[in-house]
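Asks: what follows is a protein structure lacking sequence information:
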């Protein structure tokens, strides 16, 4: 079983070493890492090449132009040699057992889309006390209420990621994909309730502005064709649960300033 890890990178010189080293440290060893540099203007390229010299499983590619994260992930999927795909953003990291725990779950169940719980770190890499727990499984309607599937925690069959590519746009493109998969494939996503993803909380991230993040979330509902009354209904769940989540995170990061 080979897992292809897809890592888009744009101006990631400060964080990408930690991300890549967390892949290199995985207890599950049958992986390849495809790092796609989306025309960075900093030293991202040099940081990756230094680590690629240490491990031949790291493949470095440069986009012909700035494609954005959705198209870059799709390109990585098209290049993947593995039958399974994992995504890891260049500012996040994994615990050592992340892939191993997911492979174990895949081997004992019929799981095709697997996610994990999350720990959090601040923009300087300092760990926060907050942990995000996840259910053992989630279906289409459950995911509409709250997106418990963090992209950097996902392990999915490559066939699914080919069939449901990420669509660029001012929305949470990965969330739209998980919803499409669960709806059209009539499956549930399986969760490993351990904080195996270490997610970096940063105001500079795409969803760092929570007002903008809410709008992007709403656009996902409209993108997948959810009727307006249902969109309003499920969006109310999102607002309440997300507010609780980020209130805890903000309190912790505020104490450190």
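Replies: Good, I have the coordinates. Model, not experiment: these values are computed from the prediction.
Asks: pull up the distance across stretch 163-172, start to finish.
Replies: One end of stretch 163-172 sits 18 Å from the other (Cα to Cα, to the nearest Å).
Asks: what about it, distance to the chain center?
Replies: 13 Å (Cα atoms, centre = their mean, to the nearest Å).
Asks: can you point out the buried residues in that stretch?
Replies: Neighbour-count burial for stretch 163-172 flags 164-166, 171-172 (criterion: 16 or more other Cβ atoms under 10 Å). Any C-beta I mention is one placed from the backbone N, CA and C, and that applies to glycine too.
Asks: do stretch 28-39 as well
Replies: Neighbour count says stretch 28-39 has 28, 31-38 buried, by 16+ other Cβ under 10 Å.
Asks: repeat that for stretch 107-125.
Replies: Applying 16+ other Cβ under 10 Å to stretch 107-125 flags 111-123 as buried.
Asks: do stretch 168-184 as well
Replies: 171-183.
Asks: that older thread, filter the buried residues of stretch 107-125 down to the ones in strands?
Replies: Applying DSSP state E to these, the entries found in strands are 113-121.
Asks: just send those back as JSON lines, with distance to residue 8 and pLDDT too.
Replies: Below are these laid out as JSON lines (distance: Cβ to Cβ, whole Å; pLDDT from 0 to 100):
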{"residue": "113", "distance to residue 8": "20", "pLDDT": "98"}
{"residue": "114", "distance to residue 8": "20", "pLDDT": "98"}
{"residue": "115", "distance to residue 8": "18", "pLDDT": "98"}
{"residue": "116", "distance to residue 8": "20", "pLDDT": "98"}
{"residue": "117", "distance to residue 8": "23", "pLDDT": "98"}
{"residue": "118", "distance to residue 8": "19", "pLDDT": "97"}
{"residue": "119", "distance to residue 8": "22", "pLDDT": "97"}
{"residue": "120", "distance to residue 8": "21", "pLDDT": "95"}
{"residue": "121", "distance to residue 8": "19", "pLDDT": "95"}
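Asks: just those residues now: which is nearest residue 21?
Replies: residue 121 (14.2 Å; Cβ to Cβ).
Asks: if that closest one is in a bridge, with which residues?
Replies: With DSSP bridges as the criterion, residue 121 is bridged to residue 127, residue 200.
Asks: quick one, what contacts it?
Replies: Under the criterion of Cβ atoms under 8 Å, 6 or more residues apart in numbering, the neighbours of residue 121 are 93, 127-128, 198-201.
Asks: what about burial for those, which qualify?
Replies: Of the contacts of residue 121, these count as buried by 16+ other Cβ under 10 Å: 93, 128, 198-201.
Asks: which residues outside stretch 227-236 are in contact with it?
Replies: For stretch 227-236, the external contacting residues (Cβ under 8 Å, 6+ apart) are 144-145, 217-218, 221-222, 226.
Asks: what's the most distant pair in the residues you listed?
Replies: Farthest pair in the contacts of stretch 227-236, by Cβ to Cβ: 145 and 222, 16.6 Å.
Asks: neighbour-wise, which of the two wins?
Replies: residue 145 (16 against 12; other Cβ atoms under 10 Å).
Asks: residue 239 is in contact with the more buried one, correct?
Replies: No. Between residue 145 and residue 239 there is no contact under Cβ atoms under 8 Å: 10.7 Å.
Asks: since that was my last question, I'll sign off now.
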